[in-house]
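Visitor: structure of the sequence below:
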Amino acid sequence: MHKIFRLINPAPLTARVRSRECCTYLYRLLKFVGWIPPKQNLQRYLYVFWSALVLTFGELYVPMGLALSLVKNFTNFTPGDFLGVLQAFVNANGATLKSIVVIFLYSRLSQMESVLDIMDERLRSDSDRRRIHKAVADSNYIFLVYAIVYCCFITSVFVSGVLNGQPPWFLYNPIFDWRSGAINFWMHSIVEQIFVTLSVLTVLIWDTYPLIFVFMMRAHIKLLREHIRNLRTDPLKTEAENYDELTRCIRDHKLILQCCDIMRPVLSGIIFVHFQLVGVLLGVIMINVLYFSDLMHGISSLIYLTAILLESFPCCYLSDLLAEDSNDLLNLLAQSNWINAERKYKSTLIIFMHHVQQPIVFIAGGLFTISMNSNIKMAKFAFSVMTIVQQMNLGDRLK
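Guide: Residues are numbered from 1 along each chain as shown. So this is what the prediction gives:
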């Protein structure tokens, strides 16, 4: 167990840890769901077959099966069951759309890692390395927390469904009719649980990747801020050495901007898809919990609500902090010890200050800033849905 979870603890300075290792657990799961094929010939062919199975049943069949279930079983559903299948259907389509976005932009992930390697090579001291080691460990810890929440959700839905004597997801299955006996019921439940688990694992990957990326960018921005604070503070350094330190800070800032530019389309697409779904999902979940859920369904719905909030809230919050950190660079440069510097140093500093005036901001779909303000606006739609239900008294009518 220690070997499995060792990455959630900061590595000692004697170990060589790179920033790209912030996604170690994430990439292991990505490999499991069929996104990182091996280079060997036979293994590669077998892996491609496995990838096709995951794509077919996890990414395509799950949303289609839920849609068919909504159509074919509409008259047999209770309101609570219908809303449960509806929320799963909406989220499954969101998962497929996120995967489509990443498929077209997948090469950018390796490009970003190459830039991170260059940034790691420029670390100047043991203090810098210690901070990166901690950021890498915290990133892997964040992924494990998300994995636990998501696994608790799918497990709670399975247990809740089985205890109530019905399939946990009501996924359409033309082979096993769960009403025809205990064997068919268990086969139906287990098969659909496997398919939905594959879909949820893919959702887990693309929900955590933007968060981990922004988290690591903040770690490197914090290092840059510390370097700027130390400009021209060492009386033993010559003016040429001070100028070299300033140019190193400029280069570090360019690498951070380059890394963000590479990943900007990926974050834009993933968060845009989530923004379009979050209001509807939260509204459906709240209606289901307040009006139609029993105890077990209520518990699983609340876990699902937590997972939905985790999809965007932390990422939006860290994006706001990243924008503030990058915006604060201008103040740090202005407050640095530049008054007695040479003219070349001052002119370079002015140019640097001009370039850091623009904070690092990500735009979802070219329309919405990835920020807490945008996240709250999207979540408010859930309360609009609740208001409509209350005013029309739909909860009592559907019971």
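Visitor: chain center to the helix or strand where residue 225 lies: distance?
Guide: Using DSSP states H and E, residue 225 sits in helix 182-229. In terms of C-alpha atoms, centre = their mean, to the nearest Å, the gap separating the centre of helix 182-229 from the centre of its chain is 5 Å.
Visitor: tell me which stretches of this structure form helices.
Guide: 24-32, 41-53, 62-72, 79-105, 107-121, 126-163, 182-229, 239-287, 295-335, 343-355, 372-391, 394-398 (DSSP state H).
Visitor: got those helices as CSV, with mean pLDDT, mean neighbour count and distance to residue 9 columns?
Guide: C-beta here means a position set from N, CA and C on the backbone, and glycine is covered the same way. Formatted as CSV, these follow (pLDDT from 0 to 100; neighbours: other C-beta atoms under 10 Å; distance: least, C-beta to C-beta, whole Å):
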stretch, mean pLDDT, mean neighbour count, distance to residue 9
helix 24-32, 91, 17, 13
helix 41-53, 85, 12, 31
helix 62-72, 88, 19, 36
helix 79-105, 84, 21, 29
helix 107-121, 91, 16, 19
helix 126-163, 89, 18, 6
helix 182-229, 91, 20, 16
helix 239-287, 86, 19, 25
helix 295-335, 80, 19, 21
helix 343-355, 89, 14, 37
helix 372-391, 70, 15, 30
helix 394-398, 50, 12, 48
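Visitor: residue 287 contacts residue 86, correct?
Guide: No. At 10.0 Å, residue 287 does not count as touching residue 86 under the criterion of C-beta atoms under 8 Å.
Visitor: my guess is residue 219 contacts residue 135. True?
Guide: Yes. Taking C-beta under 8 Å as the definition, residue 219 is a contact partner of residue 135 at 3.6 Å.
Visitor: residues contacting the spatially closest residue to residue 243 that is not a sequence neighbour?
Guide: Using C-beta to C-beta, 6 or more residues apart in numbering and skipping residues adjacent in sequence, the residue nearest residue 243 is residue 345, 5.3 Å away. Contact analysis of residue 345 by C-beta atoms under 8 Å, 6 or more residues apart in numbering lists 239, 242-243, 246, 338.
Visitor: can I get these in CSV with distance to residue 369?
Guide: Listed next are these as CSV, based on distance: C-beta to C-beta, whole Å:
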residue, distance to residue 369
239, 41
242, 37
243, 36
246, 31
338, 32
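Visitor: nearest to residue 147, of the residues you listed?
Guide: Closest to residue 147 out of these is residue 246 (42.4 Å), distances taken as C-beta to C-beta.
Visitor: still on that earlier bit, what do residue 219 and residue 135 both touch?
Guide: Residues touching both residue 219 and residue 135 comprise residue 19, with contact defined as C-beta under 8 Å, 6+ apart.
Visitor: residues in contact with the closest residue in space to residue 338 that isn't next to it in sequence?
Guide: Of all residues not flanking residue 338 in the chain, residue 349 sits nearest, at 5.5 Å (C-beta to C-beta, 6+ apart). Contacts for residue 349 were tallied using C-beta under 8 Å, 6+ apart; they are 246, 333, 336, 338, 341.
Visitor: which two among the residues you listed are spaced furthest apart?
Guide: Taking C-beta to C-beta, the two most distant members of the contacts of residue 349 are 333 and 341; they sit 11.9 Å apart.
Visitor: quick one, the helix holding residue 225 and helix 79-105 angle?
Guide: Here helix 182-229 runs at an angle of 50 degrees relative to helix 79-105 (axes from the mean of the first three to the mean of the last three C-alpha atoms, to 10 degrees).
Visitor: helix 182-229 packs against which elements?
Guide: Applying 3 or more C-beta pairs under 8 Å, 6 or more residues apart in numbering; DSSP states H and E, one finds that helix 182-229 contacts helix 24-32, helix 62-72, helix 79-105, helix 107-121, helix 126-163, helix 239-287, helix 295-335.
Visitor: so the nearest residue to residue 119 once chain neighbours are set aside versus residue 22, what's the distance?
Guide: Distances taken as C-beta to C-beta, 6+ apart put residue 255 closest to residue 119, at 5.1 Å, once the chain neighbours are dropped. Residue 255 is 16 Å from residue 22, where distance means C-beta to C-beta, to the nearest Å.
Visitor: follow-up on the earlier one: identify, from the contacts of residue 345, the entry nearest to residue 32.
Guide: Lowest distance from residue 32 to those (C-beta to C-beta) belongs to residue 246, with 45.6 Å.
Visitor: wouldn't the closest one be in contact with residue 231 here?
Guide: Yes. The pair formed by residue 246 and residue 231 meets the contact definition of C-beta under 8 Å, at 6.1 Å.
Visitor: thinking again about what came up before, the helices of the chain: which one's closest to residue 17?
Guide: helix 126-163 (5.1 Å).
Visitor: quick one, that closest one and helix 24-32 angle?
Guide: Using the same axes, to 10 degrees, helix 126-163 lies at 50 degrees relative to helix 24-32.
Visitor: doesn't residue 210 make contact with residue 267?
Guide: Yes. Applying C-beta under 8 Å, one finds residue 267 in contact with residue 210, separated by 4.7 Å.
Visitor: check contacts around residue 251.
Guide: Per C-beta under 8 Å, 6+ apart, neighbours of residue 251: residue 122.
Visitor: who's in contact with residue 143?
Guide: Applying C-beta under 8 Å, 6+ apart, we find residue 143 in contact with 23, 25-26, 208, 212.
Visitor: 6 Å instead?
Guide: Residues in contact with residue 143 (C-beta atoms under 6 Å, 6 or more residues apart in numbering) are 25-26, 208.
Visitor: again, but for residue 109
Guide: Contacts for residue 109 (C-beta under 6 Å, 6+ apart) come out as none.
Visitor: 10 Å instead?
Guide: 20, 23, 27, 30, 35, 102, 209, 213, 262-263, 266 (C-beta atoms under 10 Å, 6 or more residues apart in numbering).
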